[in-house]
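Novice: I'll drop the sequence and a predicted model, then ask my questions.
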Amino acid sequence: MVTLTTFKQGIINGLNITWELTKVTVPVYIFITFLKYTPVLPWIADFCAPVMTLIGLPGEASLALVMGYVLNLYAAIGAILSLSLTPKQITIIAGMLLLAHCLFIESIVAKKTGVRVAPLIFLRIVLSFLYGFTLNLVL
Amino acid sequence: MDWSALGKECLHGAITNVLQMAAFIIPIMVFIEILRDLNVLDLLSRPVAPFLRLYRLPKDACLPLLAGLFFGIAFGAGVILQTVREGHLTLRDLYIIHIFLVICHGFIDDTILFVAIGANGFLILVPRVLLAVGICYIISRLYKPADRLNTTRHLKTMQR
C-alpha cells in the first residue's frame, strides 16, 4: 500500500543518501582539488596516461577509477567532480564504475552466500575496461 | 600557492554539486519506496519467471534477482541468503544469480547519481543490463544444471 508513510520514508532515505554522499564526496573533492594545486596530480596523471588514453580518459581520472574500485561510488564521484571532464568522459567513467565498484565490500556480501569471489571481481574489472575501451571507440 | 582560490573552488563546487545530486536522488528514493510498497517484486515475479527458464533457473531465483536489481546488492544478498536457507537454489543457480547481480544491481539509484553529474543515462544503463543478460546466458549454457550431490555438500559447508 502506498500511503503518506511511503513518501516520508522515501524522502528520509533520499536525505540519508545525500548525507552519506556529502560525507564522502566533499572530503575527496577537497583533497583532489588541493592536489590540483600541487605537482602531485600531474605526476600521477603522467604515470597513468598511457593506459588511460586507451579508454579515452585523462591520466588523473585514474584516481577516480581506483577510488571507485577500492572504496565506493561516492568517493569516485567526489574525484570526478574535482576533475574537469567532458560529458563523453563522464559517461565513460560512470559506465566503467557502475560495472565495477566497491569491489571488496560487495565481495564480502557475495562470499556470505558461499560462492568464490575472485572470479567475480576479475570479471567486473575486465568488463569495466572493455566497456571503457568500446565506448571510447564508438562515441 | 593560491589558498583563497582553492577555498573558493572547494566551497562553491561542493555546495552546488551536493545540491544537484540531492535534487536527483531524493525524488528517486521516493520512487523506489513507492515501488517497494506496491510490492513490485511480487508483481514482476510472474512475468519474469518464464525468462528464467532460458537460463534453466528455478522460479525461486526470481525474487533474489529482482531484489538485487531494484534495491541494490546488499538487499539482494539478504534475499539470496534467505532463499538458500530454504534450500531451493543449487550452487549453479547461485553463481548465475551472482554473476548477474555483480554486473547489474541497484540500477535505479546508482544510475541516477551519475546522470546528476552529467553522464548519459542510456549509455551507462543499457549496456550494463545487456552485459548482465548476455554473460549470464553464456554461463548458463557452459555450466550445466548441477548435480544435487555437490549442492548438498555446499549447503552443508555453509551451515557450519
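Specialist: Nice, I can see it.
Novice: Tell me the first helix or strand C-terminal of the lowest-mean-pLDDT helix or strand in chain A.
Specialist: When the helices and strands of chain A are scored by mean pLDDT, DSSP states H and E, helix A:103-112 comes last with a mean of 84. Downstream of helix A:103-112, the next assigned helix or strand under DSSP states H and E is helix A:118-138.
Novice: quick one: the helix or strand harbouring residue A:23 to chain centroid distance?
Specialist: With elements taken from DSSP H and E, the one containing residue A:23 is helix A:4-36. From the chain centre to the centre of helix A:4-36 is a distance of 15 Å (Cα atoms, centre = their mean, to the nearest Å).
Novice: Buried residues in it, which are they?
Specialist: Residues of helix A:4-36 classed as buried: A:6, A:9-10, A:13-14, A:17-18, A:21-22, A:24-26, A:28-30, A:32-35 (neighbour count, 16 or more other Cβ atoms under 10 Å in any protein chain shown). C-beta here means a position set from N, CA and C on the backbone, and glycine is covered the same way.
Novice: related to what we said a few turns ago, show me what the least confident helix or strand of chain A is packed against.
Specialist: helix A:61-70, helix A:118-138, helix B:73-86, helix B:91-103 (3 or more Cβ pairs under 8 Å, 6 or more residues apart in numbering or on different chains; DSSP states H and E).
Novice: Just after the last one, pick out the following helix or strand.
Specialist: Using DSSP H and E, the helix or strand that follows helix B:91-103 in sequence is helix B:109-116.
Novice: same for that next one, what does it pack against?
Specialist: Applying 3+ Cβ pairs under 8 Å, 6+ apart, one finds that helix B:109-116 makes contact with helix A:73-82, helix A:87-99, helix B:3-37, helix B:121-142.
Novice: Put the alpha carbons of that helix into PDB.
Specialist: Provided in PDB are the C-alpha atoms of helix B:109-116 (Å, rounded to 0.1, in the frame of the first residue of the first chain):
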ATOM      1  CA  ASP B 109      19.700   5.000  -7.700                       C
ATOM      2  CA  ASP B 110      23.300   4.300  -8.800                       C
ATOM      3  CA  THR B 111      22.500   5.300 -12.400                       C
ATOM      4  CA  ILE B 112      20.700   8.500 -11.400                       C
ATOM      5  CA  LEU B 113      23.700   9.700  -9.300                       C
ATOM      6  CA  PHE B 114      25.900   9.600 -12.400                       C
ATOM      7  CA  VAL B 115      23.100  11.200 -14.500                       C
ATOM      8  CA  ALA B 116      23.100  14.000 -11.900                       C
END
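Novice: For it, give me every contacting residue.
Specialist: Under the contact criterion Cβ atoms under 8 Å, 6 or more residues apart in numbering or on different chains, helix B:109-116 has outside partners A:17, A:21, A:73, A:77, A:90, A:94, A:97-98, B:20-21, B:23-25, B:28-29, B:32, B:72, B:121, B:124-125.
Novice: Try it again at 7 Å.
Specialist: Defining contact as Cβ atoms under 7 Å, 6 or more residues apart in numbering or on different chains, one finds that helix B:109-116 is touched by A:73, A:77, A:94, A:98, B:20-21, B:24-25, B:28-29, B:32, B:121, B:124-125.
Novice: how far off helix B:73-86 does that helix point, in degrees?
Specialist: Using axes from the mean of the first three to the mean of the last three Cα atoms, to 10 degrees, the inter-axis angle of helix B:109-116 relative to helix B:73-86 is 170 degrees.
Novice: what angle separates helix B:109-116 from helix A:4-36?
Specialist: Regarding helix B:109-116 and helix A:4-36, their directions subtend 50 degrees when assessed with the same axes, to 10 degrees.
Novice: Closest to the centroid, which residue in chain B?
Specialist: Against the mean C-alpha coordinate of chain B, by Cα atoms, centre = their mean, the closest residue is residue B:105 at 1.8 Å.
Novice: show me the contacts for it.
Specialist: Residue B:105 makes contact with B:68, B:69, B:72, B:73, B:76 under the criterion Cβ under 7 Å, 6+ apart.
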